[in-house]
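K.L.:
I would like to see how this sequence folds:
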Amino acid sequence: MSIDQARLHRALNPASVVVIGDKAPNYGWLRRQAEFHGPVYSVQVDPKEIEAIERLGFTNYTSLDDVPGDIDLAICAVPRQVAPRIVAAAAARGVAGMAMFTSGFAETGEPEAIDMQRQIVEIAASSGMPIVGPNCLGIYNRRIGLKFSDDQEAGEGGTVSVAGQSGTNTSGLIAGMQRAAVKVARGISFGNAAVVNEADYLQYFAGDPLTEVIVMYIEGVRDGRRFFDLLRTVTPRKPVILWRGGRSEAGARAVASHTASLASSTAIWEAMLRQTGAIGVGSMDEAVDVAAALVHTDRPTGRRIALIGMNGGQSVALTDQFSEQGFDVPPLSEASYEYLAKFFVAVGSSYRNPFDASSTIRREDDNLAKILQVIADDGAIDGGVAIELGARDLDKDPAELDGILALLDGFRKRTGQPVVALMHDNGGGSGGVEAMLRARRHVADQGFAVFPSYERGAVALGRVVASNEARAETP
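P.N.:
Okay, the predicted model is just below:
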C-alpha cells in the first residue's frame, strides 16, 4: 500500500499521544511519556486499572471517541484478540497514525493470527492510517520527549535516525550511541512492518531535515526494488548504515519466527551494498562505532594516517590493524625527522610513524604539541591521527586528559583531518575498568570518536573513509 508521508510525519512527530490498554504493574507506556511536550491521554475500559492510571496524573477515557482534540499518535498495547477492533476505532476516529506494541500476529505462523494481521492491514489500507508494527516498541523522538525505553534521552540536538525490526536491537543501538555521545534524533522499532515497511522509513529519513545519518537493522526487505532504488538516491546525500539480521541459515529461521520476514541471501545483500554505497555492518557494536566515526569526524577521505601508540609492541599491533583496513602508515619527511630527533632522543621513544610515544604525552611538557604540529605540516599525512590514550585516571587528574584533548582538537580544526582515540577496556589507572569507562565517555563528550580496541577503531574509520570516497565520486 502507498503510505501517506504527511500522516506518517504527524505520527512520528506527534503533538498529542493516546495510550490504549496500558495496565499494571508499572503502566510503562504512560510513564515513559513523562517528558513528552504535548498532552498524553489514556484509553482503558478496565475499572481495576482506571483508578491507578488517574493517580499517576493521566486523564483516562473509556472510548477513543471521548478523547478531546486531534490525535496524532495512538500507542496500542491491547491483547491481540481485540487489536483489529481497536485499529478500526482509531481509523474511524481519524487518528493520524498508530504504533502497535501488541504482538502475536503473523510471526507466530498461526492461521488465526495471520488473519488478524491481514484485517489490520486492510483497515490501514482503506483508511490511509500508517501503522508502525505490529510486534514492535514503536517511536522515539528525542526533541519532543516521546520514548519507548526508559533510558532514552530527551532534549535538543541529534542528527542520527535509527529504524529496526527488532525492538531489543533498536533500543540497543540507541543506547550504544548515547554512550558514545552520539545524539539520536529519531528511533523507530517497526517489528512485522505489516503496513509501513523499511522502504517507507528510508524515504522518510531521506527527506527529514533533522536526519544526517541513517542506521537500520533489517531482517527482511519486503519491497526490494524500491528499497534498492531509494538507497541509490539517498547514500550520495546521507550515509546509510545497514545491519542485516539472519545472515546464517539458523539466523534466517529465527528471523521468520521473530518478525515473519524472509531473510535475503547474502550474495544479493552484498551486491546491493556494493551498488548503492550503503555501509554494511555485522553487529550492534560495529553499527555504533561507524555512526560515532561519522558523527565525530568531518567527512575524511585520506588514507595516509599517523599512528601514536604507547609502546613499541602496541605500535606494531596498531599499525597492523589500520593497514588491514586499507590505510597507509607512511614515513614522514627527513626535515620532520630531523626536528623530532631533537627532543625524542631525550625520552628514548621512537619518532617514526607509527610513533612510540609512551614517554612524550605528558601535561608538563609540549612534546605532543610538537608531534601534532609536525604531522599537520608534513605533506605525507592526509588521513589524520589515531592515538592510543591508554589508562587515564580522570578522577585524580582531569587536567591531564583535558590538556591532551585540547591539543587533538586543535589539530583537527587546523587540518580538517580526523582524530580517533583508542582506549582499551583492560586499563583504567588506579580505578580499573570503571575509571576507563568514565574516561572514555569523557572523551566522547568532547566530540571524539573513541573505541575500546585498535580493531574497532580501524574498522570504523575505514568504513567511513570508504563511504566518503564513494560519495565524493558520485556525480
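
K.L.:
who's in contact with the helix or strand harbouring R7?
P.N.:
Element membership for R7 (DSSP states H and E) is helix 5-12. Applying Cβ atoms under 8 Å, 6 or more residues apart in numbering, the contact partners of helix 5-12 are 72-73, 96-99, 128-130, 132, 139, 141, 186, 188, 196, 200, 203-204, 207. C-beta: built from backbone N, CA, C; applies to glycine.

K.L.:
filter the residues you listed to the buried ones?
P.N.:
Using 16 or more other Cβ atoms under 10 Å as the burial test, these include 72-73, 96-99, 129-130, 132, 139, 141, 186, 188, 196, 200, 203-204 as buried.

K.L.:
now, which of those residues lie within strands?
P.N.:
Counting by DSSP state E, the buried ones among the contacts of helix 5-12 place L73, G97, M98, A99, V132, I139, N141, R186, I188 in strands.

K.L.:
low-scoring stretches of the stretch 201-350 of the chain, by residue?
P.N.:
246-264, 312, 344-350 (pLDDT under 70).

K.L.:
rerun that using 50 as the cut-off
P.N.:
Applying pLDDT under 50 to the stretch 201-350 of the chain picks out residues 248-258, 260-263, 346-348.

K.L.:
Would you map the strands across it?
P.N.:
Assigned by DSSP state E, counting those that start in this stretch, the strands in the stretch 201-350 of the chain fall at 213-218, 240-244, 279-281, 306-309.

K.L.:
ok, K48 - how many residues close by?
P.N.:
If you count neighbours by other Cβ atoms under 10 Å, K48 ends up with 9.

K.L.:
Validate this expectation: it resides in a strand.
P.N.:
No: per DSSP: H, G, I helix; E, B strand; the rest coil, K48 lies outside any strand segment and is helix.

K.L.:
what about it, distance to R10?
P.N.:
33 Å (Cβ to Cβ, to the nearest Å).

K.L.:
Break this protein into its domains for me.
P.N.:
Taking automatic domain parsing as the reference, the chain has its domains at 1-132, 136-296, 298-473.

K.L.:
looking at those domains, which is buried most?
P.N.:
Of all the domains of the chain, domain 136-296 has the most neighbours on average by mean count of other Cβ atoms under 10 Å, namely a mean of 20.

K.L.:
Could you work out the end-to-end span of it for me?
P.N.:
From its first residue to its last, domain 136-296 covers 30 Å (Cα to Cα, to the nearest Å).

K.L.:
how far does that domain sit from the chain's center?
P.N.:
8 Å (Cα atoms, centre = their mean, to the nearest Å).

K.L.:
same check, this time on stretch 112-121
P.N.:
That offset, for stretch 112-121, works out to 32 Å (Cα atoms, centre = their mean).

K.L.:
Make residue 1 into 866 and carry on from there
P.N.:
Got it, the first residue is 866 from now on, which makes the last one we talked about stretch 977-986.

K.L.:
what stretches of the stretch 1216-1340 of the chain score poorly on pLDDT?
P.N.:
1292-1293.

K.L.:
which residue ranges form the strands in it?
P.N.:
Going by DSSP E, counting those that start in this stretch, the stretch 1216-1340 of the chain shows strands at 1220-1221, 1250-1253, 1284-1287, 1314-1316.

K.L.:
in terms of contact, does D1015 touch W894 like I think?
P.N.:
No: with contact defined as Cβ atoms under 8 Å, D1015 does not reach W894; the gap is 11.3 Å.

K.L.:
now the helices for the stretch 1016-1165 of the chain?
P.N.:
1032-1044, 1063-1072, 1089-1099, 1114-1124, 1131-1141, 1149-1161 (DSSP state H, counting those that start in this stretch).

K.L.:
Give me the helices and strands touching the fifth one, please.
P.N.:
Under the contact definition 3 or more Cβ pairs under 8 Å, 6 or more residues apart in numbering; DSSP states H and E, helix 1131-1141 sits against helix 1089-1099, strand 1105-1109, strand 1144-1146.

K.L.:
looking at these, which is closest to E1203?
P.N.:
Checking the helices and strands packed on helix 1131-1141 against E1203 by Cβ to Cβ gives strand 1144-1146 as the closest, at 41.2 Å.

K.L.:
List the neighbouring strands of that closest one plus their orientation.
P.N.:
Note on strand 1144-1146: by DSSP bridges, its sheet partners are strand 1105-1109 (parallel).

K.L.:
Report the contact partners of the residue nearest to I1053 when sequence neighbours are not counted.
P.N.:
In space, and not counting its chain neighbours, I1053 is closest to A1028: 4.3 Å by Cβ to Cβ, 6 or more residues apart in numbering. Residues near A1028 by Cβ under 8 Å, 6+ apart: 1035, 1052-1055, 1063, 1066-1067, 1070, 1079-1082.

K.L.:
give me that answer again for 6 Å
P.N.:
Counting by Cβ atoms under 6 Å, 6 or more residues apart in numbering, A1028 touches I1053, Y1066, M1081.

K.L.:
Would you mind giving me the confidence score for the residue nearest to the second one when sequence neighbours are not counted?
P.N.:
Put plainly, it is Y1066. Distances taken as Cβ to Cβ, 6+ apart place A1028 nearest to Y1066, at 4.4 Å, with adjacent residues excluded. For A1028, the pLDDT comes out at 98.

K.L.:
how much space between A1028 and N878?
P.N.:
15 Å.

K.L.:
And the contacts of the longest helix belonging to the chain?
P.N.:
Longest helix of the chain, by residue count under DSSP state H: helix 1319-1338. By Cβ under 6 Å, 6+ apart, the surrounding residues in contact with helix 1319-1338 are 1101, 1104, 1142, 1144, 1154-1155, 1158-1159, 1164-1166, 1182-1183, 1186-1187, 1190-1191, 1285, 1287, 1316.

K.L.:
thinking again about what came up before, mind listing residues that contact the helix or strand that the helix holding R872 is followed by?
P.N.:
Next helix or strand after helix 870-877 toward the C-terminus (DSSP H and E): strand 882-885. With contacts defined as Cβ under 6 Å, 6+ apart, strand 882-885 is touched by 894-895, 898, 905-908, 932, 936, 938-941, 943, 951.
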